[in-house]
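In: heads up, no residue letters with this:
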């Protein structure tokens with residue numbers, strides 16, 4: 001969907017950022033993206049929905065498996081699950097993959113606009129970075 005990498009830094013004009021600051025900056029942007037997307041996605045959701053989604057983030061094995069059984073019992077046949085499983089680092093616990101899968105399916109069901117929300121928030125962050133590029137670079 002999107003990558004926060006060297007290309008992102010070039011897109012926002014920060015390819016001149018010192019190498020020792022690039023990773024920290026990208027981590028900061030990722031953190032900001034998570035907070036802002038989470039805030040936007042939680043608007044209009046009930047406490048029950050938020051609690052349910054939180055159980056995926058917390059990797060609550062019982063709640064994750066219960067939700068998957070009720071909502072996508074044939075998950076092993078789903079290409080999305082198969083890709084997550086294949087791309088997971090060796091030794092990744094199955095609960096981690098299932099929780100990631102459940103969160104994606106939950107978002108598709110409860111916030112089908114989540115990809116657009118991520119895109120909008122990322123674009124807004126990009127514009128903010130571009131507007132403050134000189135300050136960030138210390139010029």
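Out: Here it is on my side, so go on. Note that the structure is a prediction, hence the values are computed from the model and not measured.

In: how about residue 57, nearest residue that isn't a chain neighbour?
Out: Spatial nearest neighbour of residue 57, excluding adjacent residues (CB to CB, 6 or more residues apart in numbering): residue 103 at 7.0 Å. To be clear about C-beta, it is placed using only N, CA and C from the backbone, and glycine gets the same treatment.

In: distance-wise, check the one you found relative to residue 19.
Out: As judged by CB to CB, to the nearest Å, residue 103 and residue 19 stand 33 Å apart.

In: before we move on, the earlier item: can you give me the neighbour number for the residue nearest to residue 57?
Out: 18 (other CB atoms under 10 Å).

In: name the helix or strand for it, please.
Out: helix 94-110 (DSSP states H and E).

In: rounded mean pLDDT for the helix or strand that that helix is followed by, please.
Out: Downstream of helix 94-110, the first helix or strand assigned by DSSP H and E is helix 114-131. In this model, helix 114-131 has an average pLDDT of 95.

In: what helices and strands are in contact with helix 114-131?
Out: Here helix 114-131 touches helix 19-42, going by 3 or more CB pairs under 8 Å, 6 or more residues apart in numbering; DSSP states H and E.

In: please redo it, this time with the cut-off set to 10 Å
Out: Counting contacts by 3 or more CB pairs under 10 Å, 6 or more residues apart in numbering; DSSP states H and E, helix 114-131 packs against helix 6-11, helix 19-42, helix 94-110.

In: output the ones you listed in TSV; the columns should cover distance to residue 62 and mean pLDDT.
Out: Putting the helices and strands packed on helix 114-131 into TSV (distance: least, CB to CB, whole Å; pLDDT from 0 to 100) gives the following:
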stretch	distance to residue 62	mean pLDDT
helix 6-11	37	92
helix 19-42	23	92
helix 94-110	10	95
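
In: winner for burial among these?
Out: helix 94-110 (a mean of 18; mean count of other CB atoms under 10 Å).

In: next, the angle helix 114-131 makes with that one.
Out: 100 degrees (axes from the mean of the first three to the mean of the last three CA atoms, to 10 degrees).

In: please list the outside residues in contact with stretch 12-21.
Out: Outside stretch 12-21, the residues that touch it by CB atoms under 10 Å, 6 or more residues apart in numbering are 6-10, 22, 24-26, 28-29, 125-134, 136-139.
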